[in-house]
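Engineer: how would this look folded up:
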Amino acid sequence: MAEPAAAESLLETPLQGEHAAAGARLVSFAGYAVPVQYATGILSEHLWTREHAGLFDVSHMGQAALIGPDHATTARALEALVPADILNLKPGRQRYTQLLDENGGIRDDLMVTRPANPLQDGELLLVVNASTKEADYAHMAARLPAGVELRRFDDRALLALQGPQAEAVLGGQAPDIASLAFMQAAETMIGGIPAHISRSGYTGEDGFEISVPASRAAELWRLLMADEQARPIGLGARDSLRLEAGLCLYGHDIDTTTSPVEAGLTWSIQKRRREEGGFPGAARIQRELRDGPARLRVGLKPEGRAPAREGTVVATPDGREVGKVTSGGFGPSVNGPVAMGYVAREVATPGTKLHLVVRGKPLPAQVVPMPFAPHRYKRG
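Structural biologist: Numbering: from 1, shown residues only. Modelled structure (predicted):
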């Protein structure tokens, strides 16, 4: 992220006033002015989220819905664009998937929720990345069959409350959320504010993503921040948290040059879709599932304290280039450098010794399993 050259040219989320009051340092990201950190700094915010509850403004992300006459029709329309099994997604459940191009490359990754309310049968709620949302919407709208439409929710805000105390903080205002398990969703009221909540997030911690009318976002922010267990967290800590959790960042770890199989996202393609295909790039993905991809996304643990940043060359000890780092930095929870990237399949086995070429100097590293910090989702 870069500092905004002209803040007045950037879009603002409905929580801009709250960020200013909290002393946020704003940066430019996907055309928005967003908080990268607050007064205590990224390291403190990262550790607070791991130990308590961190509140994130992710309103810059895209919220939309596909709306058709019934679930089967809408699900099949989306299945023509993504490899996940949407048809068998149960009411009140959420699923992670990818919007694919004709070569099986990833145009974006997104969350899909089937509303629990039977009156919304035929609706699928979508959350897409900020940097790709306009292209995503155009891509989907151009490919939907008659009778299925894309509806944007530009008038809604999105907050993420993450960490081991997230349930206690949110449950103080909406006790019914305690019954939700990871990747479940429901409509509820939070202190009189109508909200759509999913038990999900992108930190590896238990937590919730909360969609509310933009006009009520500041009210909700202040309500949650009144709990001493909650603190505002910027996108700097969000990035280090998701890296420790081994989660991909679009435009870095996944993009149109990577397939879900290469990216280690095979778990997000359910059995029926693997067998039947019927999505963009299915032939490539089925071939990679059968024969294995030429390269794989892996965790990399550098020896010593020097971090390996995005773009760092990965080489064998004898100097042969075998891949590149796509995300890397210091992991506050593991108290050391961590990285992920793509390497040739023959060197992707955990325990393989490799070198990371940092400023021209080869530094020893090892392929390790991910996540670097354990996931702590609340399973059913």
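Engineer: how much space between Ile269 and Leu100?
Structural biologist: The gap separating Ile269 from Leu100 is 10 Å, by C-beta to C-beta, to the nearest Å. For glycine as for every other residue, the C-beta is placed from the backbone atoms N, C-alpha and C.
Engineer: Which residues are in contact with each of these two?
Structural biologist: Contact criterion C-beta atoms under 8 Å, 6 or more residues apart in numbering; residues bridging Ile269 and Leu100 by contacting each: Pro83, Pro260.
Engineer: Now the closest residue to Val127 other than its chain neighbours: phi and psi?
Structural biologist: The spatial neighbour of Val127 that comes closest, neighbours along the chain excluded (C-beta to C-beta, 6 or more residues apart in numbering), is Met111 at 4.5 Å. With angles defined as degrees, to the nearest 10, Met111 sits at phi -110, psi 140.
Engineer: what's near enough to touch Met111?
Structural biologist: Applying C-beta under 8 Å, 6+ apart, we find Met111 in contact with Gln94, Arg95, Tyr96, Leu126, Val127, Ser198, Ser200.
Engineer: repeat that for 6 Å
Structural biologist: Gln94, Tyr96, Val127 (C-beta atoms under 6 Å, 6 or more residues apart in numbering).
Engineer: and what of Gln94?
Structural biologist: Counting by C-beta under 6 Å, 6+ apart, Gln94 touches Met111, Thr113, Met183, Ala185, Ser198, Ser200.
Engineer: Among those residues, which one sits closest to Thr349?
Structural biologist: Nearest to Thr349 among the contacts of Gln94, counting by C-beta to C-beta, is Met183 at 29.8 Å.
Engineer: Number of residues surrounding that closest one?
Structural biologist: Neighbourhood size, Met183 [other C-beta atoms under 10 Å]: 18.
Engineer: Over to Phe279?
Structural biologist: For Phe279, the tally of surrounding residues (other C-beta under 10 Å) stands at 21.
Engineer: Got phi/psi on the nearest residue to it once chain neighbours are set aside?
Structural biologist: What sits nearest to Phe279 in space, not counting adjacent residues and going by C-beta to C-beta, 6+ apart, is Pro83, at 4.7 Å. In terms of degrees, to the nearest 10, the main-chain angles of Pro83 are phi -90, psi 0.
Engineer: Would you confirm that Pro83 contacts Arg274?
Structural biologist: No - using C-beta atoms under 6 Å, Pro83 and Arg274 do not qualify as a contacting pair, with a distance of 8.0 Å.
Engineer: more neighbours, these two?
Structural biologist: In this comparison of Pro83 against Arg274, neighbours counted by other C-beta under 10 Å, the higher total goes to Pro83 at 28 against 17.
Engineer: ok, back up a step: let's have the contacts of Gln94 in TSV, adding pLDDT and secondary structure.
Structural biologist: Output for the contacts of Gln94, formatted as TSV (pLDDT from 0 to 100; DSSP: H, G, I helix; E, B strand; the rest coil):
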residue	pLDDT	secondary structure
Met111	98	strand
Thr113	98	strand
Met183	98	coil
Ala185	98	strand
Ser198	98	strand
Ser200	98	coil
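Engineer: Mind jotting down where the helices sit in the stretch 101-250 of the chain?
Structural biologist: Counting by DSSP state H, counting those that start in this stretch, the stretch 101-250 of the chain has helices at residues 133-141, 166-171, 217-225, 235-244.
Engineer: Show me the contact partners of the first one.
Structural biologist: Judged by C-beta under 6 Å, 6+ apart, the contacts made with helix 133-141 from elsewhere in the structure are Gly62, Asp108, Val128, Leu150.
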